[in-house]
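Student: Predicted coordinates and the sequence they were generated for:
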2 protein chains.
Amino acid sequence: MAEKQNMLIAQSGGPSSAINASITGAIARGMASTKIDNVLGAVNGMQGFLERKIINISEQMKTSEDFDLLIHTPAHALGSSRYKIKGDDEGTYTKIIEILKDYNIKYFFYNGGNDSMDTVNKLADYLRQAGEDIVAVGIPKTIDNDLELTDHTPGFGSAARYVATSVAELYLDTCVYPLPACTIVEIMGRNAGWLTAASALARETGLPAPHLIYLPEVDFDPAAFIHEVQTVMETDRQILIAASEGIHTKDGNYLSDTGAAEDMFGHKTLGGAATVLERLVKDNVKVPGLKTRAIQFSTLQRAAAHCASLTDLEESYQCGYRAVEAAVNGMSDIMITITRISDVPYVVRYDVGQLDDIANKEKKVPPGWIIKNGTDVSEEMLVYLRPLVTGDTTELLSEGLPRFFRFNLHRVVTPRDVK
Amino acid sequence: MAEKQNMLIAQSGGPSSAINASITGAIARGMASTKIDNVLGAVNGMQGFLERKIINISEQMKTSEDFDLLIHTPAHALGSSRYKIKGDDEGTYTKIIEILKDYNIKYFFYNGGNDSMDTVNKLADYLRQAGEDIVAVGIPKTIDNDLELTDHTPGFGSAARYVATSVAELYLDTCVYPLPACTIVEIMGRNAGWLTAASALARETGLPAPHLIYLPEVDFDPAAFIHEVQTVMETDRQILIAASEGIHTKDGNYLSDTGAAEDMFGHKTLGGAATVLERLVKDNVKVPGLKTRAIQFSTLQRAAAHCASLTDLEESYQCGYRAVEAAVNGMSDIMITITRISDVPYVVRYDVGQLDDIANKEKKVPPGWIIKNGTDVSEEMLVYLRPLVTGDTTELLSEGLPRFFRFNLHRVVTPRDVK
């Protein structure tokens, strides 16, 4: 039997409520493996790895409560980076391999979105071509739900639950005065409208909101928008509109781009897409006494661990757990994927996807799932979304407030410490 | 024994997550009373009452699940209004009494903030002077926590829990990249800083955020602010600032007022106080590569029933329940108050306060509880706040999403229906 070697995990891209559930699964599986000695973590992704900012997770996580808390802690516990590896940057690859060998790392895991999968892919290719006996595996993560091959992505379900819950609550708030009111909610997703589409789940609570839904997959037409709002308000005096931050006109101008807003409507508008829509409604929709309010969920939608979906946390954990399992079984250059077996009852299977088929690609909402002239989503979309937000989390609270697990990111180890 | 008479409840002012817990308590006590026949509700407060928009709650709430759901439904289930009664408006009082008599109403309850208590107060005075055997009682409600005589107000604890939880989560989000970052969160409370102060509870989770707290009780000094941010960032690369929407300069100009922002900083700024602070930081704080982000909690903080405090919901329920109890025992012109007996263990008692001492008054944060040159709150404040956010709610979910109780506000009844 070969001598035990180390594994290393790093995180990249934007935050989510479930990202640490994934590394918890990976850490748990790594610590249990007879093939793995120390579970190491790189601080701030590949950027920190290249600066040898490496901590020994095996030493920092001691109790089962640490694991429970890490699952429910939002935003990269190991820190993130936006570092992009270049395909032909020989020097960087040489440096990566040098550090991997110095730290006796045989298993490298990268937890992130499509950019991050590109990094793992390039690294795995290089390792194979160089004949190195080191494996590199991706663990999916993104609230945007835009990764190919996987039915959905870890982190999406929790963000979707937050969006649907908050849209329902905000609609009730919109209705309290006997006055016409229009609330416009801006939701993340620059190029893919999955999370904005999830606002439609608010209707599962019995409310009519959102009344209109605008995704970035459809070109935005200001004149049509004004007409649609005007029409909806003829029957409903109080409405809520869900719009993606990434909505743009046919010529590619994002509404959130100040310049575009200025050109299109003749005056300068600061703020995001919702603010531009708010101005469009105020200036053009003819409803006496109409009160319009723009709300941005901002980073709340990717950080609100208190509203996480239990299904999402469990699946995120499994993706990390199975990534380590695949790696110790000799697989490399892959990402764990989720395959849906059935909607009701909801059953999934975990598979592996080749990184070549995932890296740098974006899965968008299928055109057939966008209905009513680009202002709503179809029943297929709802069937797809429903199981992803289920399950209330059982986060550990202290006197009504959340508790978190935080690594000591300054306790960096040397190769000698983990040999 | 006198013939049974009806009670009527109405809601007013701004929404909260706990406002319907109060009417649930009142409705439960009313339905159980041998002195009360029908429990009626006015739609959209005094405004709807004067238009005889009255529903029969006794007919609409049937099961114990209806009561459970109403407790956890945010924002006035009966609708609200901003109607203000005038002291000398003889015609309006005559009309109110006429409607009360028409509907055989002996007990009138108004659930709201200080403006609403003024309405109940004036009505109760008038009823007494007119020799009418009708009682009017107030049930407190406001996330601003600015009512006199009561230790705190129903609705405040839930909003405080949402603010503290979200601030902690947003701070973790602020820390993920290896870059200096400054997140500025704007919190409701135009004149009283209680809810902004509650952001300090985020530190109970072990995090250093918020690093600076700005309340409307202290005049805002832009130069001092820039210096404070600069100083804090010398030790912490990633910080979070909590600011009240109501912060204003010494001469009374609100930062959220576009004009004020323009005068003060020489360029036009749209948006609230946080946006003005964001610009101040961007233009003046010298930290290379600093990323600054303004976040408004907007109406989320008063509608997020999914993050309500169980303590708050229970107390809100009790305030409604005891208001009806006081009224059937012959009391009028009062509001139910909460008196704190001890902090640890947390024990409260319910009392009654005279509306004259509450109406139109605002309770502000005591100067002694604001420390560090107006940038933080004291340990006394934390001792005061801690018990109010305790207890996770047990809201009824369906497939991970909230469920609500909604009255049919169109099923208006006539006096004959409830005689």
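Tutor: Nice, thanks for sending it over. Numbers count the residues shown, from 1 in each chain, chains lettered A, B, ... in the order given.
Student: Please count neighbours and contacts with C-alpha atoms only from this point.
Tutor: OK.
Student: Could you pull out the helices in chain A for me?
Tutor: According to DSSP state H, chain A carries its helices in the segments A:19-32, A:45-50, A:57-60, A:64-71, A:90-102, A:114-129, A:156-174, A:194-197, A:222-235, A:258-265, A:273-284, A:300-303, A:310-328, A:379-385.
Student: Determine if any part of the second one is in contact with chain B.
Tutor: No. Counting by Cα under 8 Å from any Cα of the partner chain, no contacts exist between helix A:45-50 and chain B, the nearest distance being 8.7 Å.
Student: Need the residues that contact that helix.
Tutor: By Cα atoms under 8 Å, 6 or more residues apart in numbering or on different chains, the list of residues contacting helix A:45-50 from outside reads A:10-12, A:42-43, A:54, A:78-81, A:83, A:95-96, A:99, A:110.
Student: among the helices of chain A, which is nearest A:K419?
Tutor: Of all those, helix A:90-102 sits nearest to A:K419, with 8.6 Å by Cα to Cα.
Student: From chain B, how far out is A:T174?
Tutor: From A:T174 over to chain B the distance is 9 Å, taken as Cα to the nearest Cα, to the nearest Å.
Student: per-residue confidence at that residue?
Tutor: Note on A:T174: pLDDT of 98.
Student: Same check on the one 4 residues further on?
Tutor: Here the pLDDT value assigned to A:P178 is 95.
Student: Just send the helices of chain A back as a markdown table, with mean neighbour count too.
Tutor: Formatted as a markdown table, the helices of chain A follow (neighbours: other Cα atoms under 10 Å in any protein chain shown):
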| stretch | mean neighbour count |
| --- | --- |
| helix A:19-32 | 25 |
| helix A:45-50 | 22 |
| helix A:57-60 | 15 |
| helix A:64-71 | 18 |
| helix A:90-102 | 15 |
| helix A:114-129 | 22 |
| helix A:156-174 | 29 |
| helix A:194-197 | 28 |
| helix A:222-235 | 15 |
| helix A:258-265 | 17 |
| helix A:273-284 | 21 |
| helix A:300-303 | 27 |
| helix A:310-328 | 24 |
| helix A:379-385 | 16 |
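Student: Confidence-wise, which of the contacts of helix A:45-50 comes last?
Tutor: A:Y83 (88).
Student: A:D133 - how many residues pack around it?
Tutor: When neighbours are counted by other Cα atoms under 10 Å in any protein chain shown, A:D133 registers 11.
Student: That one and B:K53: what is the separation?
Tutor: 77 Å (Cα to Cα, to the nearest Å).
Student: for A:N253, same thing?
Tutor: 48 Å.
Student: Outline the domain layout of chain A.
Tutor: Structural domains assigned to chain A are A:5-155+A:305-360+A:392-418, A:164-299, following automatic domain parsing.
Student: mean pLDDT for the ones you listed: which is lowest?
Tutor: domain A:164-299 (a mean of 92).
Student: Could you work out the end-to-end span of that one for me?
Tutor: For domain A:164-299, the end-to-end distance is 15 Å (Cα to Cα).
Student: B:Q129 is nearest to which of the domains of chain A?
Tutor: domain A:164-299 (31.7 Å).
Student: still on that earlier bit, quick one: closest of the domains of chain A to B:R203.
Tutor: Nearest of those (Cα to Cα): domain A:5-155+A:305-360+A:392-418, 9.8 Å.
Student: Can you give me the end-to-end span of that closest one?
Tutor: 9 Å.
Student: And for stretch A:139-159?
Tutor: First-to-last residue span, stretch A:139-159, Cα to Cα: 18 Å.
Student: tell me, how many neighbours does the single nearest residue of the stretch 101-250 of chain A relative to chain B end up with?
Tutor: The stretch 101-250 of chain A approaches chain B most closely through A:V176 (4.5 Å), counting by Cα to the nearest Cα. Number of residues near A:V176 (other Cα under 10 Å) recorded here: 24.
Student: quick one: it from B:D66, how far?
Tutor: 20 Å.
Student: how near is A:S342 to A:A197?
Tutor: For A:S342 relative to A:A197 (Cα to Cα), the value is 21 Å.
Student: Export the domains of chain A to JSON lines and append columns for distance to B:A359.
Tutor: Below are the domains of chain A laid out as JSON lines (distance: least, Cα to Cα, whole Å):
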{"stretch": "domain A:5-155+A:305-360+A:392-418", "distance to B:A359": "32"}
{"stretch": "domain A:164-299", "distance to B:A359": "22"}
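Student: Which one, of those, ends up nearest to B:R411?
Tutor: domain A:164-299 (16.0 Å).
Student: chain center to that closest one: distance?
Tutor: 22 Å (Cα atoms, centre = their mean, to the nearest Å).
Student: Go ahead and confirm A:V324 touches A:A26.
Tutor: Yes. A:V324 lies in contact with A:A26 (Cα atoms under 8 Å); the separation is 5.8 Å.
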